[in-house]
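Colleague: For reference, the sequence and a predicted model appear below.
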Amino acid sequence: MISDKLQEAINRQINRELYSAYLYMAMAAYFDHLSLPGFAHWMKVQVQEEMAHALKLYNYLNERGGRAVMAEIEAPPARWDSPLACFQAVLEHEQKVTGLINDLMDLALAERDHATSGFLQWFVDEQVEEEASVGEVLSKLKLVENTAGGLFMLDRELAARTFTMPAGVTL
Ligand code: FEO
């Protein structure tokens, strides 16, 4: 059985993952409005990733005899100054999430809950990937400097992103 303190912390993380999905949905809407469907698609794949993260935490709580509780989800911003500014916001957001995962891991270790720290290692590794994939798009965006031709080329590239449900995550 998981402790109340860890259960609360995991529930807070579920809320942050759902907020992340909501934020990326808002970013998808921003790109769709700019007629950049490839960028919007990239964000929609990100929405699926975040939903999978929330579900993974939800399933784990149930497995450990805990209870997932849904709280209010904060409204994300609706617009950004440019595609580059938007992706900078993605990187900052992911860095914040990495910090939250590290805090969660610290709590699991402090409580000597080895099952939870083992489980959370997946999220630690996932954050490395998340930050790397955003960083890659950000570097390319810096190269094209919001020029129409460059954005068009990048839009086509981002349209090819695919989503794979992480192992063991089911609806
Ligand atoms: Fe679930 Fe992008 O962190």
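Modeller: Nice, thanks for sending it over.
Colleague: which residues touch the most centrally placed residue in the chain?
Modeller: The residue lying closest to the centre of the chain (CA atoms, centre = their mean) is residue 50, at 4.4 Å. By CB atoms under 8 Å, 6 or more residues apart in numbering, the residues touching residue 50 are 17, 18, 20, 21, 24. (C-beta placed from N, C-alpha, C; glycine too.)
Colleague: neighbour-wise, which of these leads?
Modeller: Counting neighbours by other CB atoms under 10 Å, residue 20 leads those with 25 neighbours.
Colleague: The helix or strand containing that one near the ligand anywhere?
Modeller: Using DSSP states H and E, residue 20 sits in helix 4-33. Yes. Using CB under 6 Å from any ligand atom, helix 4-33 reaches the ligand at 17, 20.
Colleague: Flag every buried residue along the helix or strand hosting residue 109.
Modeller: Using DSSP H and E, residue 109 falls within helix 83-110. If you call a residue buried by 16 or more other CB atoms under 10 Å, then helix 83-110 has these buried ones: 83-84, 86-90, 93-94, 97-98, 100-101, 104-105, 107-108.
Colleague: ok, now stretch 40-49?
Modeller: For stretch 40-49, by 16+ other CB under 10 Å, it's 40, 41, 42, 43, 44, 45, 46, 47, 49.
Colleague: for the residues you listed, which one is nearest the ligand?
Modeller: residue 49 (6.2 Å; CB to the nearest ligand atom).
Colleague: Close to the ligand: what parts of this structure are there?
Modeller: Close to the ligand, as judged by CB under 6 Å from any ligand atom, the chain has residues 17, 20, 50, 53, 94, 97, 130.
Colleague: one more time with 8 Å
Modeller: Residues of the chain lying close to the ligand by CB under 8 Å from any ligand atom are 16-17, 20, 46, 49-50, 53-54, 93-94, 97, 101, 123, 126-127, 130.
Colleague: For the one residue in the chain that gets nearest to the ligand, what is the enclosing helix or strand?
Modeller: Using CB to the nearest ligand atom, the closest approach of the chain to the ligand is made by residue 53 at 3.8 Å. Applying DSSP H and E as the criterion places residue 53 in helix 37-63.
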